[in-house]
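1. Pasting a predicted model and its sequence here:
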Amino acid sequence: MSLLFRHLRVHHVFGANTDVGKTILTTALVRASAHNNPVFYLKPVSTGHPQDADTSHIKRHAASNRVFTECLYQYDQPVSPHLAAQLTNRPPISDDTLVNAIASYIRRTANASPDPAHLYVETAGGVHSPTLSGTTQVEAYRPLFLPTILIGDADLGGISTTIAAYEALLLRGYIVDAVLLFRDAYYRNAEYLKAYFADRGIWVGEFERPPQKLSGAEENFRETESYYQRLMSPPLQGGESAHDAVTHLTNAHTKRLEELDSMPGRTLKSVWWPFVQHAHITSENDVNVIDSARGDFFSVYSKHSTTSSLLSPQLDSSASWWTQTFGHAHTNTTLAAARAAGRYGHVMFPGATHLPALKLCEALLAGPGKGWANRVFISDNGSTGMEVGIKMALRAWVKKMGNNQRERLGVLGLTGSYHGDTIGAMDACEPGVYTCEWHDAKGVWLDPPTVAFRKGKLELSVPSAITKEQFAFEKLGDVYDLKGRIGTALEGVYRRYVEGVLGRLEEERRKKKEGGIRLAALVLEPLVIGAGGMRFVDPLFQRVLIDVVRSARPELGLCPAPTTSNENTDNTDDFHGLPVLFDEVFTGLYRLGLQSAGPLLGAHPDIAVNAKILTGGLVPLATTMAREGVFKAFWSPGKEGKGEALLHGHSYSAHAVGCEVALETLGEIGKLKSGWGEAREMWGIGGEVAQGQEAEDNVWSFWDPEFVKRLSEAEKVEEVMTLGCLLAIKVADQKGGTSHFPSSPFSLFLFPPIPSLLFFRSFPRLFSTQLKKSTPTGYTSHAAQDMLAPLKDLHLHSHAEDDHVRATQAPGGAPYAVHYRTLGNVAYFMTSGLDVVLPFRGGGGKELMNGIEVA
């Protein structure tokens with residue numbers, strides 16, 4: 001990860017092309033720096049005869065007891081590094097090995113020189129020249145994230161190559177501190193580029209061209225020395241000196257440190273954080289300053305170090321709030337955003353179309369919507385997408401019931417469900433700590449059975465209101481084998497329970513003079529209730545819920561099916577009984593290893609919402625898919641029909657940037673599926689996942705099963721559960737206490753008076769069964785946060801078998817801390833990428849597992 005020191009200024013030197021003068025100008029910088037400071041020069045990869053190597057040139061023309069040079073990988077063939085590596089019999093050098101070697105050299109240099117010093121890392125060729133592995137340099141070196149000097153091209157065509165190189169760096173987030181190039185009186189590229197980069201706040205240094213190489217070695221040396229001496233002094237014909245460049249680079253380094261130093265204090269004065277009690281964060285040390293991010297890691301700043309790096313890697317164990325798909329700063333999705341921004345910017349969408357939106361809709365209908373969905377509505381975030389879905393469901397129900405009167409409509413759901421932070425989506429949930437004073441809960445929420453590893457055993461916990469019996473399973477696949485579980489005694493128990501609840505509700509509604517609640521939609525978070533405590537719901541219970549509401553029995557308060565109804569309700573274009581809405585904002589698109597829960601449950605929804613993973617963790621976007629019958633509920637061809645349309649949207653509906661990024665994300669996910677075989681095999685699932693093929697028993701995790709079981713046996717842990725990227729840990733609250741659960745087997749709220757804040761805080765959000773040792777306030781518990789607190793300061797190492805410390809999985813191989821989020825007494829971790837198996841299971845990634853166990 002990025003390295004930053006107070007006493008050691010480090011700059012990465014890139015070239016706009018080959019033979020633009022990188023080594024010449026870097027030598028001038030080294031000479032100028034050496035006037036007052038120790039200087040270190042690193043050439044990671046060099047090709048060609050050692051006598052002609054760049055390190056040799058530095059030694060000849062910047063000779064000083066203050067100058068130190070090193071080359072990490074030298075190859076004799078004077079060709080591109082990737083080809084030079086292929087022409088040797090030496091073992092291949094991976095990008096990680098190369099980056100770790102550079103980072104290790106920088107750390108050694110910083111430790112060896114406590115006095116102010118400068119270090120220059122010079123690349124080979126142009127920004128897109130390949131490294132030893134074949135990856136382009138601009139890509140391979142990005143994990144280092146060192147401030148950059150770009151050596152521009154002074155020759156014909158050099159304006160274009162310099163700007164193109166700059167944009168390649170910019171798209172990947174590099175900090176470009178300066179552009180340096182030679183002065184040419186004929187082409188005058190520097191004149192143009194100075195004006196171009198001035199508009200972008202980038203300093204440009206213009207330098208005399210070097211003299212032609214002379215035939216005599218001594219004469220050539222004297223002429224070259226004279227040239228370098230001229231570069232040290234203010235030029236007579238305009239331009240800058242090497243000392244001017246060094247002064248600017250040092251000032252840029254100082255300014256960056258000052259900016260980072262000031263950020264915590266400025267933040268505490270101006271920022272209002274989401275989901276943070278500001279009274280608990282009063283010190284600047286509590287502010288997590290993120291300087292950059294790459295892969296699974298943040299690069300975070302701490303100003304207290306003197307000789308160690310002020311930046312250190314921090315594992316993003318919440319996948320930045322459940323959004324990351326390929327890890328941070330993924331180049332292909334970044335380019336997709338730039339492509340759409342450059343072509344469209346933002347264009348309005350009502351009554352219009354553009355390729356990113358059209359292709360995204362088609363891709364979703366051929367992917368998670370295949371076999372059931374006909375239409376896609378595009379909005380801006382998951383909460384809005386859910387509000388759109390609820391609107392769709394309620395209108396469809398009203399139209400089918402032929403009831404245009406304003407009834408008291410509500411939803412059927414599960415306790416602990418949460419569908420977003422907008423007020424309309426909140427109203428589809430019970431009152432709780434997340435809701436606000438305006439909250440107006442509308443619905444009925446049933447306590448669901450949940451599944452988890454408890455003390456090494458995979459157990460099903462069923463609320464006593466359903467049955468007193470408890471259940472256990474041999475392996476994960478047994479829980480999700482619905483073909484084998486349909487028809488069992490437990491399915492009958494679930495069915496009778498759900499039918500009994502709905503029957504009693506309908507009976508009570510009919511008895512009331514003014515009428516009671518009318519359930520108009522079933523709203524589910526399939527398989528996992530996310531913000532409500534990462535509760536893994538028994539899939540059989542959710543399947544039974546769907547089957548019961550689709551039975552369309554009027555005595556259960558359900559919309560009766562037409563007499564010509566097709567018995568196979570899952571393959572029709574309309575809903576039956578109640579519209580079924582899947583909130584797959586968090587769980588969908590392979591976060592749990594499944595594209596959608598529909599194939600596993602054996603029942604597709606009528607409406608489904610996707611977000612988060614949808615755009616690769618880069619920009620906000622959400623989609624709401626629906627059956628044609630739901631779409632037709634808004635169809636009205638008459639003159640007054642405009643008022644019957646779905647009047648919902650926002651200014652950035654279907655914005656091209658988000659749609660293009662989502663389309664790119666779906667394509668990239670398709671490429672990754674073939675690499676999941678190893679993780680699937682750990683969980684006893686054989687074979688690779690073919691494109692477009694979703695096995696109903698495709699239940700597995702990136703997390704090692706032995707680790708999951710071992711963790712569930714820990715003294716402080718009540719239960720652990722995992723699917724796909726997600727690992728959830730329910731912590732035993734050491735303070736004791738009893739949760740305040742409702743006495744009835746379900747929660748019912750309908751247009752209630754505004755509850756007191758005390759009621760909001762005491763309402764159970766996380767768990768569905770009473771525990772002897774559990775948090776009294778659900779989300780507000782600090783049990784998980786307190787238990788995992790050491791991970792924020794515990795810098796995790798990797799150890800070889802001989803107990804020597806080796807490189808970790810963090811970029812640059814440095815020890816790392818862990819950034820985590822908790823939900824009361826539930827801690828959760830998830831991989832930041834669907835292509836990442838490390839550092840979340842065996843091999844070199846065991847440091848995180850060891851850290852969790854230590855905590």
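-> Done, it's in. All of these numbers come straight from a predicted model, not from anything done at the bench.
2. any weak-confidence spans in the stretch 751-855 of the chain?
-> Residue ranges of the stretch 751-855 of the chain with pLDDT under 70: 751-779, 794, 796-806, 835-855.
3. The same query, at a cut-off of 50, please.
-> Scanning the stretch 751-855 of the chain for pLDDT under 50 picks out 751-777, 799-805, 837-845.
4. Please apply the same query to the chain.
-> Checking the chain against pLDDT under 50 turns up 567, 691-692, 736-777, 799-805, 837-845.
5. From the centroid of it, which residue is nearest?
-> Closest to where the C-alpha atoms of the chain average out (Cα atoms, centre = their mean) is Q324, at 1.7 Å.
6. helix/strand/coil for I378?
-> strand (DSSP: H, G, I helix; E, B strand; the rest coil).
7. Tell me the spacing between it and A329.
-> 25 Å (Cβ to Cβ, to the nearest Å). C-beta here means a position set from N, CA and C on the backbone, and glycine is covered the same way.
8. Of these two, give the one with the bigger neighbour count.
-> I378 (24 against 18; other Cβ atoms under 10 Å).
9. what's the spacing between stretch 453-468 and its chain's center?
-> Offset of stretch 453-468 from its chain centre (Cα atoms, centre = their mean, to the nearest Å): 32 Å.
10. ok, and for that stretch, which residues are buried?
-> Buried residues in stretch 453-468, counted by 16 or more other Cβ atoms under 10 Å: 453-454, 458-463, 465-467.
11. Between all of the residues you listed, which two are separated the most?
-> The most widely separated members of the buried residues of stretch 453-468 are F453 and A465, with 24.0 Å between them, by Cβ to Cβ.
12. still on that earlier bit, you'd agree the residue nearest to the centre of the chain is up against T615?
-> No - the criterion here is Cβ atoms under 8 Å, and Q324 misses it with T615 at 10.4 Å.
13. now the strands for the stretch 651-800 of the chain?
-> Under the criterion DSSP state E, counting those that start in this stretch, strands of the stretch 651-800 of the chain are mapped to 717-723, 726-731, 746-750, 798-799.
14. just the stretch 151-300 of the chain next, same as before
-> So, for the stretch 151-300 of the chain - with DSSP E, counting those that start in this stretch - the strands run 176-182, 203-207, 289-294, 297-301.
15. which helices and strands does the third one pack with?
-> In terms of contacts (3 or more Cβ pairs under 8 Å, 6 or more residues apart in numbering; DSSP states H and E), strand 289-294 is packed against helix 242-270, strand 297-301.
16. go with 6 Å
-> strand 297-301 (3 or more Cβ pairs under 6 Å, 6 or more residues apart in numbering; DSSP states H and E).
17. which of the residues in the strand it packs on are buried?
-> 297-301.
18. now, among these, which is nearest to G416?
-> Of all the buried residues of strand 297-301, F298 has the smallest distance to G416: 29.4 Å, by Cβ to Cβ.
19. is it true that that closest one touches D316?
-> Yes - between F298 and D316 there is a contact under Cβ atoms under 6 Å: 5.5 Å.
20. Just put the buried residues of stretch 453-468 in CSV and tack on secondary structure.
-> Shown next, in CSV, are these (three-state DSSP):
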residue, secondary structure
F453, strand
R454, strand
L458, strand
E459, strand
L460, strand
S461, strand
V462, coil
P463, coil
A465, coil
I466, coil
T467, coil
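21. and N332, how many neighbours?
-> For N332, the neighbour count with other Cβ under 10 Å is 14.
22. now the one 3 residues further on
-> Residue neighbour count, defined by other Cβ under 10 Å, stands at 15 for L335.
23. In terms of helices and strands, where is it?
-> Applying DSSP states H and E as the criterion places L335 in helix 331-343.
24. for that helix, packing partners?
-> For helix 331-343, the elements it packs on are helix 656-672, judged by 3+ Cβ pairs under 6 Å, 6+ apart.
25. The helix it packs on vs helix 331-343, what angle?
-> Calculated by axes from the mean of the first three to the mean of the last three Cα atoms, to 10 degrees, helix 656-672 forms an angle of 150 degrees with helix 331-343.
26. And helix 656-672, how far out from the chain middle?
-> Helix 656-672 has its C-alpha centroid displaced from the chain centroid by 14 Å (Cα atoms, centre = their mean).
27. So which bits of stretch 192-208 are buried?
-> 193-194, 196-197, 202-208.
28. roughly how far is the following helix or strand past the helix holding L335 from the heart of the chain?
-> As assigned by DSSP H and E, the chain's next helix or strand after helix 331-343 is helix 355-366. Its chain's C-alpha centre and that of helix 355-366 lie 22 Å apart, by Cα atoms, centre = their mean.
29. cool, and stretch 714-726?
-> Relative to its parent chain, stretch 714-726 has a centroid offset of 21 Å by Cα atoms, centre = their mean.
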